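**Q** only geometry, no sequence info:
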């Protein structure tokens, strides 16, 4: 046992030459994670913005904790995630679903027979939705980070320092959304944008087992960030210019049908998956009432 300590320390503490060699990669990872945390932070803030008072900031806190936790889990299982592209397909589908449900209200997760809106979610349901979103975004970010360096300690250091930006950016995003409500819709566009990129990469990758498009195609972190900036800029223009609103109306009408279909199909799958948990929750919820009677 004692003999194993030096080797463990050697793994945990890289040598000086290794550290110097890894600095450019670590800095790149920090910048990339910091830039790409904009969509994650905006999404967390948008999904929590409808909650009252303190609940809004509690949901924000749990969203940030989830971002750290799920990135850690994805790092631990990075090799397994890369070898199982269906996980990325599931994550991408959920991100596109969140966007579609927000803009069409096509889901019915509360089983009331009416279309859901993201604003209908209660505190617990909002936190669950945020955490699943965090997990989906973490899969994408960690796979991209692992592609930059095969060394786990380099990836861990870069990713976890980089997402410190979430702690500072997410709080500011809540205030920005209160000041500029259009950013709530923009956040869901960004979520869908990341989901579409994931789908596009997987459907063009011959090694994914899902190839339907010619490829492979890889969208770099820099290209993703440029897309984020364009979406943010167009959203702000849309909120201020009637001409831009009129120009984009045909596009929204064209996208409404496919988004409604995605919201209904994925919403139905989620309802089936969550049904056992809802039944168990109702069972435990009804016990105190029966005990009192």
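**A** Noted; the coordinates are in hand. In this text, all values refer to a predicted model and were calculated from it rather than measured experimentally.
**Q** contacts and neighbour counts: CA atoms only from here.
**A** Fine.
**Q** neighbours of residue 85, just the number please.
**A** Residue 85 has 17 neighbours, counted by other C-alpha atoms under 10 Å.
**Q** mind checking how far the one helix or strand residue 97 maps to is from the chain centre?
**A** Per DSSP states H and E, residue 97 falls inside helix 85-104. Computed by C-alpha atoms, centre = their mean, to the nearest Å, the separation of helix 85-104 from the middle of its chain amounts to 9 Å.
**Q** now it: mean pLDDT?
**A** On average, the pLDDT along helix 85-104 is 84.
**Q** Mind giving me the packing neighbours of that helix?
**A** Packing partners of helix 85-104 (3 or more C-alpha pairs under 8 Å, 6 or more residues apart in numbering; DSSP states H and E): helix 123-148, helix 182-203, helix 242-292.
**Q** in it, what counts as buried?
**A** 85, 88-89, 91-104 (16 or more other C-alpha atoms under 10 Å).
**Q** Equivalent analysis for stretch 57-70, please.
**A** For stretch 57-70, using 16+ other C-alpha under 10 Å, the buried residues are 57, 59, 60, 61, 62, 63, 64, 66, 67, 68, 69, 70.
**Q** What is the nearest of the residues you listed to residue 204?
**A** residue 70 (26.3 Å; C-alpha to C-alpha).
**Q** which one is that closest one nearest to, not counting chain neighbours?
**A** Computed as C-alpha to C-alpha, 6 or more residues apart in numbering, the closest residue to residue 70 that is not its neighbour in sequence is residue 135, at 5.4 Å.
**Q** how deep is the one you found tucked in, by neighbour count?
**A** 21.
**Q** Next: the one 4 residues further on.
**A** Around residue 139 there are 24 other residues, counting by other C-alpha under 10 Å.
**Q** Please, which helix or strand holds the residue nearest to it when sequence neighbours are not counted?
**A** Closest residue to residue 139 apart from its sequence neighbours, by C-alpha to C-alpha, 6+ apart: residue 74 at 6.1 Å. Using DSSP H and E, residue 74 sits in helix 53-76.
**Q** which strands and helices sit next to the next helix or strand after that helix?
**A** Moving toward the C-terminus from helix 53-76, the next helix or strand (DSSP H and E) is helix 78-83. Helix 78-83 sits against helix 123-148, with contacts defined as 3+ C-alpha pairs under 8 Å, 6+ apart.
**Q** Where does pLDDT dip in the stretch 101-250 of the chain?
**A** 106-121, 140-141, 143-150, 158, 161-163, 165-171, 221 (pLDDT under 70).
**Q** buried ones in stretch 216-231?
**A** For stretch 216-231, burial by neighbour count (16+ other C-alpha under 10 Å) applies to 221, 224, 225, 228, 231.
**Q** Pull the contacting residues for the last one.
**A** For residue 231, the contact set (C-alpha atoms under 8 Å, 6 or more residues apart in numbering) comprises 186, 189, 190.
**Q** and the second one, how many residues sit next to it?
**A** Using other C-alpha under 10 Å, residue 189 has 25 other residues around it.
**Q** In contact with it, which residues?
**A** 99, 231.
**Q** ok, now how distant is the most centrally placed residue in the chain from residue 211?
**A** For the chain, the residue nearest the mean C-alpha position is residue 137 (3.3 Å; C-alpha atoms, centre = their mean). In this view, residue 137 and residue 211 are 21 Å apart by C-alpha to C-alpha, to the nearest Å.
**Q** coming back round to it: so how far is residue 269 from the residue nearest to residue 139?
**A** Counting by C-alpha to C-alpha, the gap from residue 74 to residue 269 is 24 Å.
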